[in-house]
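Chemist: what would the 3D arrangement of this be:
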Amino acid sequence: MNIDDLENKMVAVLGYGIEGQAVTRYLMKHGIKPVLFDQKPWEEWPPAEQKKIIGLEINFIFGPDAFKELAGFDVAFRSPGIKLSDLERSVSIYGLQPMNRHATKGKKLYVTSQTKWFFEHCPAKIIGVTGTKGKGTTASLIYEILKRQESRTYLTGNIGKDQPFDFLDILTENDWVVYELSSFQLQDLTVSPHIAVVLMITEEHLDYHQSLQEYLAAKASIVKFQTKDDFAVINADFESSRNIGTLGGGSKIYFSRKSELPSGCFIKDGMIVVRNILGFNLQSLIFNLQLKGEHNLENVCASVSACLCAGAKPAAIKKGIKNFKGLGHRLQLVAKKRGVEFYDDSFSTTPETAIAAILSFTQPEVVILGGSSKNSNFAQLAETINSKENIKTLILIGEEASKIKNAIIKTPGWENRILEGAKNMKEVFEQIKTVAREGDIVLLSPACASFGMFKNYKDRGEQFKKFALKF
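Modeler: Modelled structure (predicted):
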């Protein structure tokens, strides 16, 4: 199905967030007037947003039961926040025509998405990056390296400044697109990227997916449809990543932070080593990396591997890595006051990423953990904390505070090293002032979602930075 095929069809845009707005712009640019659907009640939209929506001069149906009005529609563009399982349930409850994710047949509602449509119609070569964590940093680093080449390169996904539909029409076969891909975006793909990067895969988003198996199946789409002309760059250190990497027909290239590999990219004796990736054999000292944290070495190895597959020159790769400073709220030094260093790792919303951040320091640490639930298991985090002698104090916040505490205090001696009860960032810093001393690290790496106390992880990180600068 092409854009011209939508001209005489009833087209719905499901969810009018950032992605839904990009889809609407794209459709209207091509002369198609979709109907907007959103389950957020109209009266809850800010007046400025209401004015913009009315100004589009197209129909819209907002409210909790909006989807029951999908009867008679031919095509629906789903936003990632709308679960396919929930949409299927809504269609069934309201007695509407069945859904079809792949092709229009009879009176079935064909459900697609911006990502799915883009992959099916993109003439450029795509580098897709997925993983439980690290995909934003890795996608950005790949982009920083490739943009130095002759070909035009675009960065998109949750990390990109542009939505893919904003530049789809101007792409050529000589261009490159670096696409950060979440499981929400991957789950209905029928085309895999030319270069698929699979980072660390652990339990995540079980508040969205019905099971771990569904989450892993969604991630697998990044390699599932590859051919022999494609490449799969796989993290060898994680079992789930290795299992996903076995799928598809692409050439397999492995990377590791922990082990020397017979071929691939790995860390050895303070060096980034490339061994026989498309005939390349390289090594480079890692002492000048601006990225903090051992876990970021995995992201560097993945980026090196992907860029070699994309034809980047070794000199450009080395320069790009050396100059890359990382992304905001990812283990970022935001202040140094009274001899205390404050690191914002607010993007850390899983135990695994908090562990990686904690292991990045040898100085005495005051660690802020907790937030809203993502149904995470904190046993390994507790084990790491109990084994790290340099952790002097834990500050626990949010609804997951008690769960984290219960996991930690199984080891004797922690009762007097845990502070609780802070209801906002101001109160967190009042607690920090009682324990932080010159030479200490104060680390915000919550291992949990931000909702409840903060708007999102960015708000949490910005508040942390604001109070740190006043410390």
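Chemist: what is the least confident helix or strand in this protein?
Modeler: strand 99-100 (a mean of 76; mean pLDDT, DSSP states H and E).
Chemist: where in the stretch 351-471 of the chain is pLDDT low?
Modeler: Applying pLDDT under 70 to the stretch 351-471 of the chain flags residues 411.
Chemist: what do you get if the cut-off is 80, keeping everything else the same?
Modeler: 410-416 (pLDDT under 80).
Chemist: same check, this time on the stretch 101-250 of the chain
Modeler: Scanning the stretch 101-250 of the chain for pLDDT under 80 picks out 101-107, 150, 160-161, 202-212, 214.
Chemist: which parts of it are helices?
Modeler: Under the criterion DSSP state H, counting those that start in this stretch, helices of the stretch 101-250 of the chain are mapped to 114-121, 135-146, 183-186, 212-224, 239-245.
Chemist: which one of those is the most hemmed in?
Modeler: helix 135-146 (a mean of 26; mean count of other CB atoms under 10 Å). Yep, even glycine has a C-beta here, placed from its N, CA and C like the rest.
Chemist: packing partners for that helix?
Modeler: Applying 3 or more CB pairs under 8 Å, 6 or more residues apart in numbering; DSSP states H and E, one finds that helix 135-146 makes contact with strand 125-130, strand 153-156, strand 176-180, strand 195-198, helix 296-309, helix 314-323.
Chemist: send over it as CSV, restricted to the C-alpha atoms.
Modeler: This file holds the C-alpha atoms of helix 135-146, laid out as CSV (Å, rounded to 0.1, in the frame of the first residue of the first chain):
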residue,chain,number,x,y,z
LYS,A,135,19.8,2.9,22.5
GLY,A,136,19.6,6.7,22.6
THR,A,137,23.3,7.1,23.4
THR,A,138,24.3,4.5,20.7
ALA,A,139,22.0,5.9,18.0
SER,A,140,23.4,9.4,18.7
LEU,A,141,27.0,8.3,18.6
ILE,A,142,26.4,6.5,15.3
TYR,A,143,24.8,9.6,13.9
GLU,A,144,27.7,11.8,15.1
ILE,A,145,30.2,9.5,13.3
LEU,A,146,28.2,9.0,10.0
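Chemist: what residues does that helix touch?
Modeler: For helix 135-146, the external contacting residues (CB atoms under 8 Å, 6 or more residues apart in numbering) are 127, 129, 131, 153, 155, 157-160, 176, 178-182, 197, 199, 291, 296, 299-300, 302-303, 306-307, 310, 312, 316-317, 320-321, 323-324, 326-327, 330, 347.
Chemist: now stretch 57-67
Modeler: 14, 16, 24, 28, 33-42, 45, 53, 69, 87, 90-91, 94.
Chemist: before we move on, back to that, centre of the chain to the least confident helix or strand of the chain, how far?
Modeler: Offset of strand 99-100 from its chain centre (CA atoms, centre = their mean, to the nearest Å): 27 Å.
Chemist: now do it: which elements does it pack against?
Modeler: For strand 99-100, the packing partners by 3+ CB pairs under 8 Å, 6+ apart come out as helix 84-93, strand 109-113.
Chemist: just how off-centre is the shortest one within its chain?
Modeler: By that I understand strand 109-113. Here strand 109-113 is found 23 Å from its chain centre; the criterion is CA atoms, centre = their mean.
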